[in-house]
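1. Structure for this input, please:
(one chain, ligands or ions: 2)
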Amino acid sequence: MRVIGLMSGTSYDAVEAGAADLDLRGDALVMRPLGHLSVPYPDDLRDLIGASLPPSATTARTLAVLDTGIGQAFADAAVRAVRELCGGAADLVVSHGQTLYHWVEDGTVRGTLQLGQPAWIAEATGLPVVSDLRSRDVAAGGQGAPLVAMTDVLAMGTLPGTPAALNLGGIANLTVVAPGADPLAFDTGPANALMDAAVRHFTRGAARYDEGGRRAGAGRVDPTLLRVLLDDPYYRRPAPKSTGKEHFHLPYLLQALATAPVPDHDDVLATLTRLTAVTVADACRAHEVTRLIVSGGGAHNPVLTDMLAKELPGVPLASSDALGLPPDAKESLAFALLGFLTVNGLSGTIPSGTGARRASLLGTITPGRTPLRLPEPAARAPRVLHVTDEPVLRPPRPHRPE
Ligand SMILES: Nc1ncnc2c1ncn2[C@@H]1O[C@H](COP(=O)(O)OP(=O)(O)OP(=O)(O)O)[C@@H](O)[C@H]1O
Ligand SMILES: CC(=O)N[C@H]1[C@@H]2OC[C@@H](O2)[C@@H](O)[C@@H]1O[C@H](C)C(=O)O
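-> Ligands and ions are numbered 1, 2, ... in the order given. Now for the predicted structure:
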């Protein structure tokens, strides 16, 4: 099956589209990535998302405008992915949408809202769309996140020791696969969320992030500010747990700076970069991780990855390329994989990861232009992911006239 995965993360800068051919072969799920596109949000839409995220208040009208605008932006990315990545033909689109609010109370997720009306994608591509992949896990008592855990576990299962996959997006998440134990997956805290908020604030919106970690590299860590930030009880909460920009936003940072003022902006960035490195490293140490496979935009920040490597001596860091999953495409490919599982009747969650009562069939399906035809449910769930450059789909059967 040729599947397109669409994702925009907590940094809400672009729609990431990843395409892959996927096939179930016995115990294995075979994936052949076909490429990846990053389609920036139109400026006015990105600004509206930014203005609507917590702690800002919003209106029902704005939510309707966002649902349509994000749906249309995802539809544009899907159309381009069909044309540019899939040679003009695909079978399925899987859309994460844009998280507007992840509602967590005392560690329990009560709801999670991803916008981006899938009807726009189905209408523009004619393809069926799997969307709203988090809600079912929340209804089953889970965190609804992180959902990349399924891909991580299938991809890392054959590695020796205790490997972990780390994604450094706005929020950092970690999937740990220890031998003889159920997999764990959780958000460790901010990856770039506070760093990005600081850069936008200090440059009055002229810069969106600390490119190459240059500002952090020029600054010095402020121990008092770091201590104040590390005092957040989120870090001490055991897994399963998830968080988001409802918690780690600019006013949160400004409050910490009011308690521990740091005049030099580069020193603030050095401290926030260190905060990410320390909280990720603490999580890795707590679970005795022996190797770390890194993806997400933060993998392009050498100051961050160097700090992380220093915090974790003896733990080799590798890019997710090592698993055949390009760091900027991993999340979109992971959602392609989840939608593929859904249409094949297979659950997409690992209860020990999200904390749900049971594994769930994820998502809502919007039919394409023709009646919905799903494959027969698969006889068994895959245990391993093989990523390959080789063609994986059987060539279409030659047409025999009646
Ligand atoms: N060259 C770079 N130098 C430094 N940081 C970078 C670079 N490229 C990307 N980043 C950081 O990565 C962030 C985007 O990462 P990514 O696209 O993985 O996040 P996301 O998918 O939106 O978030 P999440 O995974 O939390 O949903 C940027 O906002 C920036 O902070
Ligand atoms: C609610 C939500 O959108 N959560 C995101 C967010 O961004 C990173 C982290 O927090 C992670 O838990 C999750 O996304 C990834 C893709 C996931 O579900 O695996």
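
2. switch to C-alpha atoms for all contacts and neighbour counts from now on
-> Will do.

3. For the nearest residue to Phe335 once chain neighbours are set aside, what are phi and psi?
-> Closest residue to Phe335 apart from its sequence neighbours, by CA to CA, 6 or more residues apart in numbering: Gly5 at 5.3 Å. Note on Gly5: its backbone torsions stand at phi -100, psi 140 [degrees, to the nearest 10].

4. How many neighbouring residues does Gly5 have?
-> Applying other CA atoms under 10 Å, we find 31 residues neighbouring Gly5.

5. List the contacts of it.
-> By CA atoms under 8 Å, 6 or more residues apart in numbering, the residues touching Gly5 are 17-19, 93-96, 332-337.

6. now, which of the residues you listed sits nearest Leu174?
-> Ranked by distance to Leu174 (CA to CA), the contacts of Gly5 are led by Ala334 at 14.3 Å.

7. SS state for that closest one?
-> helix (DSSP: H, G, I helix; E, B strand; the rest coil).

8. Was I right to think it contacts Pro146?
-> No - counting by CA atoms under 8 Å, Pro146 is not a contact partner of Ala334; they are 10.9 Å apart.

9. Does the helix or strand hosting Leu166 pack against any helices or strands, and if so which?
-> For Leu166, the host element (DSSP states H and E) is strand 163-168. Helices and strands touching strand 163-168, by 3 or more CA pairs under 8 Å, 6 or more residues apart in numbering; DSSP states H and E, are helix 149-156, strand 171-176, strand 291-295.

10. Repeat the analysis, applying 10 Å as the threshold.
-> helix 149-156, strand 171-176, strand 184-190, helix 265-286, strand 291-295, strand 317-319 (3 or more CA pairs under 10 Å, 6 or more residues apart in numbering; DSSP states H and E).

11. is ligand 1 contacted by the second one?
-> Yep, that's strand 171-176 we're talking about. Yes - counting by CA under 6 Å from any ligand atom, ligand 1 has neighbours in strand 171-176: Ile171.

12. Average pLDDT for stretch 388-399, rounded please.
-> On average, the pLDDT along stretch 388-399 is 72.

13. Same check on stretch 137-150?
-> 98.

14. Now look at it and say if it contacts ligand 1.
-> No - judged by CA under 6 Å from any ligand atom, stretch 137-150 stays clear of ligand 1, getting no closer than 9.5 Å.

15. same thing with stretch 239-259?
-> No - residues of stretch 239-259 are not located near ligand 1 by CA under 6 Å from any ligand atom, the shortest gap being 7.6 Å.

16. Name the residues of that stretch that are buried.
-> Neighbour-count burial for stretch 239-259, with 16 or more other CA atoms under 10 Å as criterion, is recorded at 239-250, 252-253, 256-257.

17. what's the most distant pair in the residues you listed?
-> The span of the buried residues of stretch 239-259, defined through CA to CA, is set by Pro240 and Leu257 at 29.3 Å.

18. how long is stretch 348-364 end to end?
-> 13 Å (CA to CA, to the nearest Å).

19. cool, stretch 311-318 as well?
-> Start and end residues of stretch 311-318 are separated by 15 Å (CA to CA).

20. How far does it sit from its chain's centre?
-> Distance of stretch 311-318 from its chain centroid, counting by CA atoms, centre = their mean, to the nearest Å, is 22 Å.

21. Touching it from outside, list them.
-> The set of residues external to stretch 311-318 that reach it, using CA atoms under 10 Å, 6 or more residues apart in numbering, is 163-166, 274, 277-282, 284-285, 288-295, 299, 305-306, 308-309.

22. Pull the contacting residues for the closest residue to ligand 1 within the stretch 1-150 of the chain.
-> Nearest to ligand 1 in the stretch 1-150 of the chain, going by CA to the nearest ligand atom, is Gly9, at a distance of 3.1 Å. In this structure, Gly9 makes contact with 15-16, 96-99, 169-171, 296, 331-332, judged by CA under 10 Å, 6+ apart.

23. And Gly348, by the same measure?
-> 133-134, 137, 147-151, 335, 337-342, 359-363, 381.

24. Phi, psi for it please.
-> Torsion angles, degrees, to the nearest 10, at Gly348: phi -110, psi 0.

25. Can you give me the pLDDT of it?
-> Looking at Gly348, the pLDDT reads 98.

26. Return the residues of the stretch 201-350 of the chain in contact with ligand 1.
-> So the stretch 201-350 of the chain meets ligand 1 at 209-213, 296-298, 300-301 (CA under 6 Å from any ligand atom).

27. and Gly205, how far is that from Pro33?
-> Separation of Gly205 from Pro33 (CA to CA): 35 Å.
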